[in-house]
Every structure is written in structure tokens, then in C-alpha cells.
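Enquirer: Pasting the sequence and the predicted model now:
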Amino acid sequence: MTSIRLRLFAILALVTALVWGAAVVWVEIHTRHEVQRVLDRRLMESARMVSSLMRTGEMTPVVNPVLPGPVPTYERQLSCQIWTVNGELIARSQNAPAESLAPDEDGFSERVIEGERWRVYTVHMPDDGYRVMVGDSLTIREHLISSVVTGLIGPAVLGLAALGVLIWWSVGAGLRPIRQMTRILTERDADDLSPIGVAPGGSDLQPFVQSLDALMDRVRAARLRETEFTAAAAHELRTPLAGLRIQAQIAAATGDEPTRRHALEQIQVSVDRTARLVTGLLALAREDVTAIDDREKRWTGLAAHFEALGAEPRLQLPDADVEVFADPDRFSLVAANLLANARQFARSRISLSVQGEGPFAVIAVDDDGPGVTTADLERLGQRFFRPSGSPGGGSGLGLSIVVSAVKAHGGAVRFAPSAMGGLRVELHGLAVRRRLSGRVSDDS
Amino acid sequence: MRLLIVEDDPVLSDGLQVGLTACGWTVEAMTRLEDALAALESSAFDAVVLDLNLPDGDGLQVLRFVRERDMDVGVVILSARDESRDRIGGLDAGADDYVGKPFDLDELAARLRAVRRRLLGRSRPALTHKDITLDPKARLAWRGEQDLPLSRREFAILEALMERPSAVQSRNQLEERLYGWQEEIGSNAVEVHVHHLRAKLGSAFIRTVRGVGYTLQ
């Protein structure tokens, strides 16, 4: 938090200082140039004025005239010298040095006299034989320029300091929503997965809050599913464990041999059933995770999956040789559970059939068993659900494994009464094709 | 005593039948809610061992059925739902006890006996009438300090009569307590057992109420 603030402050302060510094440099250069120009102009004007006065004869230079009375003093910024072309100084202003201010040339020049730099403008009057020089001291000029520049820089430095404070405060104020957000998040309980809802301080953080809420939603749902699953699994395991315990207790306590044998047989039945339940739970826990990537799917023979499950004389396979686009391992799990389910209920016939082709094909498993009531059809495929009247051996997980595996393939499972009298399980949304090379069909 | 087991898991149900029969109970077992209700409606039971997770509904319906009709039946819930709130819910719905799965068979039997005692309004585990004492747990009887050997059926009849010495028990009631539905019984089975009991206890101990049944008073 503070680091963002510091960072922003440093960036803003640096940029401001740079812009400000550049401005100061520019103002300094510009001012210097302007002042030089104005002062040069003044020199030139003054020199021309003196020379024009002399030319019209309104003024005759007298060397060292006795001035009548006290001359009102003014700030001595300009000095004036009038020389003859022969190099004779015939007049100079009060503060002017006796030495010539400039070399014998027209226009501007600079010269050091008695340690002082002078800037001088010289007007040559060849007709009258005079040379008028007006100059000023560069020290004064520098003084003037530096006072102007100081007048500009002083407030600028103060302004920069004030800006620094303002920037620090503004950055803090601007980051307040983030700080609030941090507080909201840090003050929350680690287990609190309730949505944050509205972001503090406006819409910028809203997308962030939304995706955070969505994430927490998913985590909450996953956690809930996990808890439910674990609870259901524990619940389902307790009953067979209770059966095992009680039968073991009977076997240990009874003196009657047939009773003991019966109890031990029951223990075997229960152990087998519990093992099936555990296998189912593990399969379901794996199934639960994610959708299957297309790269893991292959074209795999449909009938082969069922044939691999061992001889089943009641099973009728489809006439055509059909392949399904699926993850072979997980599809074999689907086949195993479908067949196990049908085997448990079928009287004399189990039929595996395929209608259509491509992505809209339907793979169906029918049996001629007792079937399932309409009310139970809806609950079929839910975990641990065993329709009333089903034999005790089932775990109630087989069809839910089928459902979640088919879902992971992007398909869906539908349960319906079968034309054969029992249950029909339809797999929708799995891509199916006839095998191209094909086996030789019987009638050709 | 006559017990109804309502449990859909075949292995557990079998174990309960075998185990509780060995404890001297006459046991009937049902796997479905509907059958359990029908059984309770058609004949009298002393206690019900009830699983809550039945294939065709919630076992609590059996409990409600029994309590709404004020049946004189002890109900022990047997459930894998074993959290506090499940126990509280079950007990508050009118169950006499709640046992979480898995459980100890002897403990369940003891709880059933305790439920039965409470139902009959006594706190001593042993049954006493005159100089005869019965221990329902050990299934032993004494006259004074002396052991009194009784057959299983004889013990059951004596227990039924001594539980409520002043009540008159019909032949039919006693028959139901003695025999499960699957068992073949002779038409005069109860008379035969009462006859044997009188031979052991003295003819005055059990009184015949003509046309109604038997009592101890």
C-alpha cells in the first residue's frame, strides 16, 4: 500500500520537478536575453540622442564644464563619453571613466576598464569629427537579470515544495479506495467467502471485486460440494460398517456353528459391497474434477469397451461397428458402470444401440428388468440414490459416475423407461462415427 | 418382547435380527417405510429399531406414525446421521433413544431394555413378583436364592406377565411376543408353555381369566 503511494509520489514529484526546472531554465534564458536586448536598445537610443543633439548644434561639448549648481543625482546606470576623432576626450558624464570606453569602431563592443566590464555603443560622426560612446556596467546588468530571475525562481521553489505536499496528500486521497479495499479484505475471516458486493470508492475497483466475488463463489460452491460429498460418503460407509461390526460381534459371541457361518458369509457380502462403494467413491472423486480436453479424446471402438468387461450372454451389441470420440479410460468407466447396472436388473436381455451419427448420435443401453418408477427416474444418477426395490449390492454411485463422466465429455445422460420393459439410459452429445475400414458385414 | 427392525441394509438387518433374537427378543424386520407402517398398524410391538434413511422415505415418518397414535412402543433411532443436531432432532421428534452407526450390538440391546423399562415406569433392571425374580439381560430366573431353569418361551411369557402384573394379557398378545411371523406355531402353544410354567412356579402364580387371558394378580 505505502509502496504504491511512495512510488506514485516519487514519479509525480520527479516529473513535476523536471517540468518546473525546464520552465525555470527557459525563463532564465529568455529573461536574460530580453533584458540584454532592452538595455542594448537603451544604450543605442541614448548614444543616438546625444549625437543628434550635437549634430543639430544644440549642444556643444565642453571639456569638463563647470556645472551650475548641484545637479540632481539620478541612478547612475549609463555613462557617456564624447571624443573627437583625434582621440581627445571632450566630454563625459559624471560617472564615466576617463579612459575610452570602447575601441574606435561603431556599434556595440565590450571592454574591461579598471576591472569593470562595460558594454558600450559608439556612434561615429565623421562630418563633425566626434565620436559618442554610451555604456553601462555589466555588473549592474547582471544584478538586474539576477534579481529578475531570483524573483521568478523563489516562488517556483516554494511552489514546488507546496506541490510536493499537495501531491503526497492527493495520492493518498486517490488511493483511499484501495486502502479501504485492503482493510475490507484483511478484516475478513479466512473462512468468510461471502461476496464483497460493491467496491469502495467507485467503479474502478468494481471489476476487481466482481471477479473476486465470482472466485469466492466458485470456491464456496466447490467447498460445499466437497463437504456434501464427504458427508454423504461417510454416511454411506457407516451403514455397511455397522453391518460388519454387528456380524463380527455375532460371529465372535455365538456358540452355534451355522449362525457363525452365516455371520461370516454376511461379512464377506458386506466387505465386497463396501469395496465396491469405495471404488465408486474414488472414481466419482476423480470424475468430479474438470472437463476433458479434446486432446485426450480418441476414436475408440464402442462395442469393444463393453466386450472387454467379460462375457455377458444377455448383451446385444449394435450391428454396425461404431466408434465414439472419447477419453478411452474414462469411457471404459462409463461402459463398466452402465453394464454393471443393466446386469443387476436385466432378466434376459441387455441391448446396446446407437442412433444417428456425428455429434447428435444417441448411445443407449436398454434392459428388460423391472424398470424404475417415474418418481425415481428423476432422482436416478444422484449420488447414493438407490431406487426402492433395488438389490442391496449396489452402491448408488454407478449411474452418477456415468453422469459425471459423460458431462466431463461435454455430453448429457437421460433416463427413460425402455421399450424392452426395463430402464433405458441414453448418452447424448458424444461424437460417434461408423468405423471406416469396417468389419465385413454378415450379409455381404 | 417383540421388536420391529426397520433397516434397508440387508447385512445390517440380518445382523440385527440374529443378534437381537439371541438377546431374547422376537424380531420382525422390514426394509421399507410402507411395510413398516403396515406392520405397526396390524400388530403390537414393544419397541422399534428405526433407520432414518429408507429407500422410500424418511424413517421419522414411522416415529410420527407411532406417536400420533399414542402407541405403547419404544423407538430407538439407528442412523448414520450422527451429528448433534440429528440426535436432537430425532429425540425431539419423540424417539426414546438415538444410536449412531456403527454401534455395539450389546449396547443397542441394553438401550432397548432401558427404553422398555422407562416405558413401563420402573428403574430397577430386574423384574420381581412375589418371590420370583427375573433378569431380562441374562435371561435368568430365581425363586428366592434358588435358580429357576426356564426355556426361552417360558421366560418370555413370564417376562410379559411380570412386566405388568396387574394387566390381563390375551393369548394372542402372548403368542405375538413369542413367535415371529415366519414361525409355525401350534394353536395351543401358549397354553402348553403356561402349563409348564405353572408346574415350575406353582399353580397359583399365574391366574387364568376365562375368555380373556392370563394375569399374575
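Expert: Arrived safely.
Enquirer: elements contacting the strand or helix carrying B:Glu159?
Expert: Per DSSP states H and E: B:Glu159 is located in helix B:152-163. On a contact count with 3 or more C-beta pairs under 8 Å, 6 or more residues apart in numbering or on different chains; DSSP states H and E, helix B:152-163 meets strand B:127-129, strand B:132-135, helix B:171-178, helix B:189-201. C-betas here are computed from N, CA, C, even on glycine.
Enquirer: Write out the residues of chain B neighbouring chain A.
Expert: B:8-12, B:14-16, B:18-19, B:22, B:32, B:51, B:53, B:55-56, B:78, B:80-82, B:100-106 (C-beta under 8 Å from any C-beta of the partner chain).
Enquirer: show me where pLDDT drops low in the stretch 101-250 of chain A?
Expert: A:104, A:202 (pLDDT under 70).
Enquirer: how about the strands of it, start to end?
Expert: A:107-113, A:116-125, A:130-137 (DSSP state E, counting those that start in this stretch).
Enquirer: rewinding a little: return a ChimeraX selection command for the buried portion of the residues of chain B next to chain A.
Expert: Here is the ChimeraX command that selects the buried residues among these (16 or more other C-beta atoms under 10 Å in any protein chain shown):
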select /B:8,9,10,11,12,14,15,16,18,19,22,32,51,53,55,56,78,80,81,82,100,101,102,103,105
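Enquirer: From the residues of chain B next to chain A, which land in helices?
Expert: Of the positions in the residues of chain B next to chain A, B:Pro10, B:Val11, B:Leu12, B:Asp14, B:Gly15, B:Leu16, B:Val18, B:Gly19, B:Ala22, B:Leu105, B:Asp106 sit in helices, assigned by DSSP state H.
Enquirer: In JSON lines: these, plus pLDDT.
Expert: Shown next, in JSON lines, are those (pLDDT from 0 to 100):
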{"residue": "B:Pro10", "pLDDT": "87"}
{"residue": "B:Val11", "pLDDT": "90"}
{"residue": "B:Leu12", "pLDDT": "92"}
{"residue": "B:Asp14", "pLDDT": "93"}
{"residue": "B:Gly15", "pLDDT": "94"}
{"residue": "B:Leu16", "pLDDT": "94"}
{"residue": "B:Val18", "pLDDT": "92"}
{"residue": "B:Gly19", "pLDDT": "92"}
{"residue": "B:Ala22", "pLDDT": "87"}
{"residue": "B:Leu105", "pLDDT": "92"}
{"residue": "B:Asp106", "pLDDT": "92"}
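Enquirer: Let me have those in a markdown table, adding distance to A:Val269 as columns.
Expert: Below are those laid out as a markdown table (distance: C-beta to C-beta, whole Å):
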| residue | distance to A:Val269 |
| --- | --- |
| B:Pro10 | 8 |
| B:Val11 | 6 |
| B:Leu12 | 11 |
| B:Asp14 | 9 |
| B:Gly15 | 11 |
| B:Leu16 | 15 |
| B:Val18 | 14 |
| B:Gly19 | 16 |
| B:Ala22 | 20 |
| B:Leu105 | 18 |
| B:Asp106 | 23 |
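Enquirer: Leaving out chain neighbours, which residue sits closest to A:Leu138?
Expert: A:Arg117 (4.0 Å; C-beta to C-beta, 6 or more residues apart in numbering or on different chains).
Enquirer: can you pull the contacts of the one you found?
Expert: By C-beta atoms under 8 Å, 6 or more residues apart in numbering or on different chains, the contact set of A:Arg117 is A:Glu110, A:Arg111, A:Ser137, A:Leu138, A:Thr139.
Enquirer: quick one: contacts for the second one?
Expert: Looking back up the chat, that one is A:Arg111. Counting by C-beta under 8 Å, 6+ apart, A:Arg111 makes contact with A:Leu101, A:Ala102, A:Pro103, A:Arg117, A:Trp118, A:Val120.
Enquirer: what pLDDT does B:Pro102 get?
Expert: On the pLDDT scale, B:Pro102 is placed at 90.
Enquirer: Just give the nearest non-adjacent residue to it, would you?
Expert: Counting by C-beta to C-beta, 6+ apart, the residue nearest B:Pro102 is A:Ala242, at 3.8 Å.
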